[in-house]
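1. below are the sequence and a predicted model for it; my questions follow.
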Amino acid sequence: MKDRLFAKLSGVVVACGVIAGCASQPPAPPTAEVFNKSLADADAVAKAGDQDKALGLYQQLAKSDPTREEPWSRIAQIQFAQNHYGQAIVAAQEALQRDATDRQAKSVLAVAGLRIATQSLGELRQDSSLAGDAKSDAQALAKQLRDTLGESALFPPETTTRTGGRIKKTRTVVHKKVTTPGAETTATVPPTNTSSGGAAKGGDPFGALRN
């Protein structure tokens, strides 16, 4: 009697274990054909403009097949477009863990990181009371970014005229005319009084001799 009861209990325990094991196993990933079809449908939704719905579809695809990087790359692009740079960086890193050659994920990771760094540097610049290692580290980072990417990649081009890194200045040279002493001296001839007393009276210059 005891043996029969023990056998029945053992069978029930084994059956429960098998059921629990089957329930705990994740569902098999979809085939490549089914996955690509679902990915194309999600892409169509994203192109139609419903980014939130497309984001949910991409998240479902990422769960259905954790080995594929395409959903994570799409999620990173949507998060970046919505200015969610932190989430975009996380999704881009997930994509690169599955495919290190994903150029879209690399671009999102780099630009999103620069956006966050630029915002942080702007806040540090406005905080004039900040002093210490944080500010010096930010200045060092800004210099490194300028040296690596160039100043035009970080800041809009300025409309200033520069030559060789220096502001070009125009200078007007005024030449002073040098004159030698006496060169401009002109002899002034006193006016000749051609009129005499007699000439003034009669108009005859020999009138005085005749008297």
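-> Alright, I've got the coordinates. Residues are numbered from 1 along each chain as shown.
2. what's the weakest-modelled helix or strand in the chain?
-> The weakest-scoring helix or strand in the chain, judged by mean pLDDT, DSSP states H and E, is helix 197-202 (a mean of 47).
3. let me see the contact set for Leu121.
-> With contact set as Cβ atoms under 8 Å, 6 or more residues apart in numbering, Leu121 has these partners: 138, 141-142. Yep, even glycine has a C-beta here, placed from its N, CA and C like the rest.
4. so which of the residues you listed belong to helices?
-> Cross-referencing those against helices under DSSP state H gives 138, 141-142.
5. in this protein, which spans are strands?
-> 162-163, 166-167 (DSSP state E).
6. returning to that earlier point: buried ones among the contacts of Leu121?
-> Among those, those scoring as buried are 138, 142 (criterion: 16 or more other Cβ atoms under 10 Å).
7. nearest to Asp65, of the contacts of Leu121?
-> Asp65 has its nearest neighbour among these in Leu141, at 38.1 Å by Cβ to Cβ.
8. apart from its neighbours in sequence, what residue is nearest the closest one?
-> Ala117 (6.7 Å; Cβ to Cβ, 6 or more residues apart in numbering).
9. tell me the predicted confidence for that neighbour.
-> For Ala117, the pLDDT comes out at 87.
10. over to Phe206?
-> According to the prediction, Phe206 has pLDDT 50.
11. swap in Pro29?
-> For Pro29, the predicted pLDDT is 82.
12. tell me who's in contact with the residue lying closest to it once chain neighbours are set aside.
-> Nearest non-adjacent residue to Pro29, counting by Cβ to Cβ, 6+ apart: Asp65, 4.2 Å away. The contact partners of Asp65, by Cβ under 8 Å, 6+ apart, come to 29-30, 35.
13. next, the distance between the ends of stretch 55-71.
-> Length of stretch 55-71, first residue to last, Cα to Cα, to the nearest Å: 9 Å.
14. that stretch: which residues count as buried?
-> 55, 57-59, 61-62, 64-65, 68-71.
15. kindly report the same for stretch 107-119.
-> Result for stretch 107-119 [16+ other Cβ under 10 Å]: buried residues 108-109, 112, 117.
16. which of these sits closest to Val45?
-> Using Cβ to Cβ, Val108 comes nearest to Val45 of the buried residues of stretch 107-119, at 19.7 Å.
17. surely the closest one and Ala92 touch.
-> Yes - Val108 is within contact range of Ala92, at 4.5 Å (criterion: Cβ atoms under 8 Å).
18. what touches both of those two?
-> 73, 76.
19. nearest residue to Phe80 other than its sequence neighbours?
-> Counting by Cβ to Cβ, 6+ apart, the nearest residue to Phe80 once its immediate chain neighbours are dropped is Ala88, at 4.0 Å.
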